[in-house]
Every structure is written in structure tokens, then in C-alpha cells.
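Colleague: Fold the stuff below for me.
(one chain, ligands or ions: 1)
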Amino acid sequence: MDLPALEDLGHGITAIDTGFVRPSFGASHLVVENARAAFVDVGTGYSTPGLLAALAAKGLPPEAVDYVILTHVHLDHAGGAGHMMRALPGARLVVHPRGARHMVDPSKLWEGASAVYGEEAMRRDYGELVPVDASRVLEAPDGFTLELGGRPLVFLDTPGHARHHFCVWDEASRSMFTGDTFGLSYRELASPHGAFILPTTTPVQFEPEALRRSIDRLLTYLPAAMLLTHYSRVTEIGRMAAELHERIDELVALGQAESGGRDRAARLRKGVEALFLGWVAEHGTPLPADRVRELLALDIELNAQGLEVWLDRDRR
Ligand SMILES: [Zn+2]
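Modeller: So this is what the prediction gives:
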């Protein structure tokens, strides 16, 4: 296996490209302390060989990995968990209490995602889901603390993107592993004003109030960096948090404005696209609109779908 793109972030943390969708789309983070290792998020089943190659490149054997940590069980973060656990004999899988059973028996997860993407695309994009032995699963409720080679990692329940989502606070680097809670920051969309940030409303558990509270809770730790799955380290946290709040408001307002009548799905998709392109333009990103539309195509589709699910849930 070729070595994937790696970025050394200091404090024993390495960002590894999981190869999902395109370069710099999905990151796994490897944390090493006193020759003990943990992965935070693992991409899909297709990402596993690259993550293991990255581990070897750091001079560590599979036996050095104590934990495979999943911020949440969406398949771009957790699809490869079973493959990783097969390859890492000493590892425990650390997952939110609401996500744990889906890792032991991934059939529901597979069915749910197949309903959104279709079976064929599932196999092509995510590969097979491998169940994890229940005895190797460690559920991490709010406030749970692990020690990795003596280095504490604290787990915070952070609903809003998904109810099975936690963020992980690493005091040693003053970094927060945020999964998708602190939005998405594709590197291609950066401008002279810095990194671009986008909240995500993907199906099926977008909850705007919970998401706002979770973002604010992350800020109380005064992090030096947020480590996003899409894509890795950002540091202008105050500015980005304010933009996330504004943009969540705008997505909610769009959903409410387009909630009734015919062609709701198409109107939401158009509305999300207009918002996203507007934010990128406002940010001063030096890319043509067609390229931006291409980079955000998947997010436009999924965010529109997620708003629909939220609107339907809210009405009940
Ligand atoms: Zn994701």
C-alpha cells in the first residue's frame, strides 16, 4: 500500500488522508504518546491499508495501538472500524453509547445508508462493514476519560450533527477532535482571509439548537486548535465559531422558508447551493463558481436532504 498524505501537527498528532472522495476530504488523526497509539476516525474500509502504512511509517507495530476512537458512526468516519479492529489485535473501539450497537451489528447502519445512497454506491464508496466483537467495544459517555500512554483524552457528548457524536479533548496539545460538530473546512476553499468553514446538516439527526450548544461547549475549553475530520487543523476558532452560528441560522431560515408546497427537495437543494456559494464568495476564495460547486456538490445534496429530514421530524 502506498503511503497516504500525512501531515505532522506536532504533539504526536498526525493527520492522515483517508482517501475518501478526493485528496484532503477526509482525515484520520493518529495520536502517539510514549509509543502507544490511537486513531481518531478511520475513514472507510478502503482507508485501512493506508492508515496501517502510516502507522508503520511512524515506526509503530499494530500492537502499539490501544484505541480506535470514532467521533460518530457515520460511514465516512466509522466505515472502516471493523477492518481496523481486525488488523489491530490489542485495540479497543471507543464509541458513543448511542453508536456502540451499530458497530457490533452494522446491518442497520448499512440499511440506513443504502436507503440514502443505494446499495451499489455503498459497496463502491464504503466497502463491506465488518462487525466488531462486543467485548472490544468501550462506550464513552459524557465526561469519560481515557489515558493513552499516560496522556488524558476527555470525551464530550456533542449532539447536533448526530446524537451518537462525541468530541475528544486533548489537554496535552490543547486540541479538540471535533468530527463534524465544528463543521467542515475544505482546504481548497481557503482564501487570504484564512480557512473557510461550513456547518453540516446531513441526515438524519441534524438538531440546530443542540448543535449550537455543542459548538459553544467546545469553546469553553479555550482550544488552540480544532481538528476536523474534513479537513484537519484549524486555529481561527473564534471567527469560525461565529460564522458557524450565523450559517446554521441561515440554513434553518432556508428550511423554514421552503418547508411547504411542491418540489421542496429541489428548492432546498437550490437554496443550499446559493447559500454555500454566497459564503465562499464572501470569504474571498479565489476559485471560479463552477469549481466551488463541484467541490461542494456532495455537501449541497446531503445538507438539503438533512434539512428535509429535520423539517419532517420537527413537524411531528
Ligand atoms: Zn463526515
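Colleague: Can you name the residues bridging to residue 154?
Modeller: Going by DSSP bridges, residue 154 is paired in beta bridges with residue 145, residue 169.
Colleague: Near the ion, which residues of this protein are found?
Modeller: 76, 180 (C-beta under 5 Å from the ion). Where you see a C-beta, it was placed from the backbone N, CA and C, and this is true even at glycine.
Colleague: just the helices in the chain please.
Modeller: Using DSSP state H, the helices found in the chain span residues 48-57, 75-78, 81-87, 100-104, 107-117, 119-126, 208-219, 237-257, 264-283, 289-315.
Colleague: quick one, which of those helices is packed in tightest?
Modeller: The highest mean neighbour count among these, using mean count of other C-beta atoms under 10 Å, belongs to helix 75-78: a mean of 26.
Colleague: May I have that helix as CSV, with CA atoms only?
Modeller: Taking Å, rounded to 0.1, in the frame of the first residue of the first chain, the C-alpha atoms of helix 75-78 are listed here in CSV:
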residue,chain,number,x,y,z
LEU,A,75,-19.6,5.7,7.5
ASP,A,76,-17.0,8.3,6.3
HIS,A,77,-15.7,8.2,9.8
ALA,A,78,-16.5,4.7,11.0
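Colleague: For it, give the mean pLDDT please.
Modeller: Computed over helix 75-78, the mean pLDDT rounds to 95.
Colleague: can you list contacts of that helix?
Modeller: Residues outside helix 75-78 that contact it (C-beta atoms under 8 Å, 6 or more residues apart in numbering) are 18, 20-21, 26, 41-44, 70-72, 95, 99, 103, 109, 113, 126, 129, 179-180, 229.
Colleague: In strands, which of those residues fall?
Modeller: 95, 179 (DSSP state E).
Colleague: before we move on, back to that, right, and the helices of the chain - which one's nearest residue 202?
Modeller: helix 289-315 (4.3 Å; C-beta to C-beta).
Colleague: Surely residue 80 is in contact with residue 44?
Modeller: Yes - taking contacts as C-beta atoms under 8 Å, residue 80 lies within contact range of residue 44: 5.1 Å.
Colleague: Report the contact partners of residue 163.
Modeller: Contacts of residue 163 by C-beta under 8 Å, 6+ apart are 98, 205, 207.
Colleague: what's the spacing between the second one and the ion?
Modeller: Translated: residue 205. 13 Å (C-beta to the ion, to the nearest Å).
Colleague: The residue in the stretch 201-316 of the chain positioned nearest to the ion: neighbouring residues, count only.
Modeller: The ion sits closest to residue 229 of the stretch 201-316 of the chain, with a gap of 5.2 Å, by C-beta to the ion. Counted by other C-beta atoms under 10 Å, the residues lying close to residue 229 total 28.
Colleague: ditto for residue 182
Modeller: Neighbour tally, residue 182, other C-beta under 10 Å: 30.
Colleague: so which of the helices of the chain comes closest to residue 186?
Modeller: helix 289-315 (6.1 Å).
Colleague: Can you flag the weakest of the helices of the chain by average pLDDT?
Modeller: helix 107-117 (a mean of 87).
Colleague: still on that earlier bit, so which of the helices of the chain is nearest residue 195?
Modeller: Among the helices of the chain, helix 237-257 sits nearest to residue 195 (C-beta to C-beta), with 7.1 Å.
Colleague: name the helices or strands packed onto the closest one?
Modeller: helix 208-219, strand 225-228, helix 264-283, helix 289-315 (3 or more C-beta pairs under 8 Å, 6 or more residues apart in numbering; DSSP states H and E).
Colleague: Output these in a markdown table; the columns should cover distance to residue 243.
Modeller: Output for these, formatted as a markdown table (distance: least, C-beta to C-beta, whole Å):
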| stretch | distance to residue 243 |
| --- | --- |
| helix 208-219 | 11 |
| strand 225-228 | 13 |
| helix 264-283 | 8 |
| helix 289-315 | 16 |
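Colleague: re earlier: let's see if you can find the most crowded of the contacts of residue 163.
Modeller: residue 205 (22 neighbours).
Colleague: what's the nearest residue to that one if we skip its chain neighbours?
Modeller: residue 162 (4.6 Å; C-beta to C-beta, 6 or more residues apart in numbering).
Colleague: what about the one you found, neighbour count?
Modeller: Neighbour tally, residue 162, other C-beta under 10 Å: 28.
Colleague: Next up, the contacts around it.
Modeller: So residue 162 contacts 72, 73, 74, 180, 205 (C-beta under 8 Å, 6+ apart).
Colleague: can you rerun that using 7 Å?
Modeller: By C-beta atoms under 7 Å, 6 or more residues apart in numbering, the contact list for residue 162 reads 72, 74, 205.
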